[in-house]
Every structure is written in structure tokens, then in C-alpha cells.
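In: Curious how this folds, go ahead:
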Amino acid sequence: MLSLQNQRQPKTTPLTDDYVTSNTVLGYGINGKVVQCTHRRTQQNYALKVLLDSERARREVDLHWRVSGCRYIVNIIDVYENTFKDRKCLLVVMECMEGGELFQRIQDKADGAFTEREAAQIMHEICAAVDYLHSRDIAHRDLKPENLLYTTTQPNATLKLTDFGFAKETFTSYTLQTPCYTPYYVGECAFCRDNHHLVSS
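Out: The predicted structure is shown next:
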């Protein structure tokens, strides 16, 4: 089993010692659903992602954890390794993004368009997150409006990248060989036989 390379390691104590979980579903990622949880001491709300323990899940958590210090990437607060019904799970506690998806804001636009200033700010925050990842040799590989979340419902809320289920570490510029995409957003380069360059990811 792949170990987490990050210096921080998952806690093995029960998640419920520190958090109260709810049935409120905040969203769904590639590898698991996200529900709301509340810290027992501070009463602060967080998002909890439940992943069945596997090499893929550990890779997702490891890569996300390494870059969660970026202000444009959803921050991981805690990770627990617990067993439920004889199945080992990784429980990832993240900041709660109360502003919802960029996709929802696009749909909510009455006139169907952002102003030039709004669009420029959105692109700045997306590019800042991607640049941070690429500077650390990580390709996200699933950029789409559903994976970009706002911190609050305010118009000036910060936009952050999440869901590292397709993310991959790249030690050279041409190591991305497996096509990964969401059908509605796939670029034609994903169907080429050539290796994918980090820039096109």
C-alpha cells in the first residue's frame, strides 16, 4: 500500500472523537462523496470526504495535502485512517466552501455572462492554482467549473481548486500518458496517442 509522502500522517484515532458528522451532502468527487462535519470544540463546520483506502485514494490525499497551503486550493485540515464495517477508509477533513461551485454561479447569471473584470478575476485565481501545482510538478487533470469552489456566497469570495482524484505527479514534462477527462470538458488533445505535456493538463 502506498504511504503518504507528506510529513503529516493520518490520525488513527476515531474521527468522531473530534468531529460530529452529519447527513448533509455537500457534493461528490471522483472517488467519494463529501458531507458536512462540525468540530466538537470550536463548533466550526468543515467538509468531510470519505474515501475507501487504496493506492489511488492515498495518492489523491497525498498530492492534495502537499499543496493545500496555496490560497487558491481547498485546504486540508485533518486526515484520519479509520475502519468502518471492516473496510479501511481515509477521512479527509477540509475547509467548508460555503459559496458553492463556479458552475452554479455560471448558471445563476441572469444575463448568462460575467463582466470582463469578473472573468479576469476567475481566470487569475484558476491560473494561480494551476501555476502553484505545476511549480511542484503536479498535474490536476480535471479542471472544470464543478471542481472550483467559492469560500463564501459573497461576490468577492476566493475561488479554490479541489478534487485531486485524477491528479498525478510529473517528474518529467512528458509522463502523462493516461487520458483523463470529464466528457463535457475534454479537449481534443486527450484523444491523441502522444504523451500529454504538463502544460496541456
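
In: Can you point out the buried residues in the helix ranked longest in the chain?
Out: Ordering each helix of the chain by length in residues (DSSP state H) puts helix 116-135 first. Judged by neighbour count (16 or more other CB atoms under 10 Å), helix 116-135 contains these buried residues: Q121, I122, E125, I126, A128, A129, V130, Y132, L133. Just so you know, the C-beta spots here come from the backbone N, C-alpha and C atoms, and that holds for glycine as well.

In: ok, now stretch 94-111?
Out: M94, E95, C96, M97, G99, G100, E101, L102, R105.

In: which among the residues you listed gets closest to R87?
Out: M94 (21.3 Å; CB to CB).

In: I'd like the mean pLDDT over the helix or strand that contains that closest one, please.
Out: Secondary structure assigned from DSSP states H and E places M94 in strand 87-95. For strand 87-95, the mean per-residue pLDDT is 96.

In: which stretches of the protein have low pLDDT?
Out: 1-7, 172-201 (pLDDT under 70).

In: So which residue of it lies furthest out from the middle?
Out: Going by CA atoms, centre = their mean, the residue of the chain most distant from its centre is D111, 29.2 Å out.

In: What separation is there between that one and E118?
Out: Between D111 and E118 the computed distance is 12 Å (CB to CB, to the nearest Å).

In: count of residues packed around R136?
Out: 13 (other CB atoms under 10 Å).

In: Quick one: the strands in the chain, in order.
Out: Along the chain, the stretches classed as strands by DSSP state E are 19-28, 33-39, 45-52, 76-84, 87-95, 100-101, 138-139, 148-150, 159-161, 168-169.

In: between these, which gets nearest to R59?
Out: Judged by CB to CB, the one of the strands of the chain that comes nearest to R59 is strand 168-169, at 8.0 Å.

In: Now do the closest one: which elements does it pack against?
Out: helix 55-67, strand 138-139 (3 or more CB pairs under 8 Å, 6 or more residues apart in numbering; DSSP states H and E).

In: So which of these is nearest T151?
Out: helix 55-67 (16.9 Å).

In: Quick one: work out the angle between the closest one and strand 76-84.
Out: When axes from the mean of the first three to the mean of the last three CA atoms, to 10 degrees is applied, the directions of helix 55-67 and strand 76-84 differ by 160 degrees.
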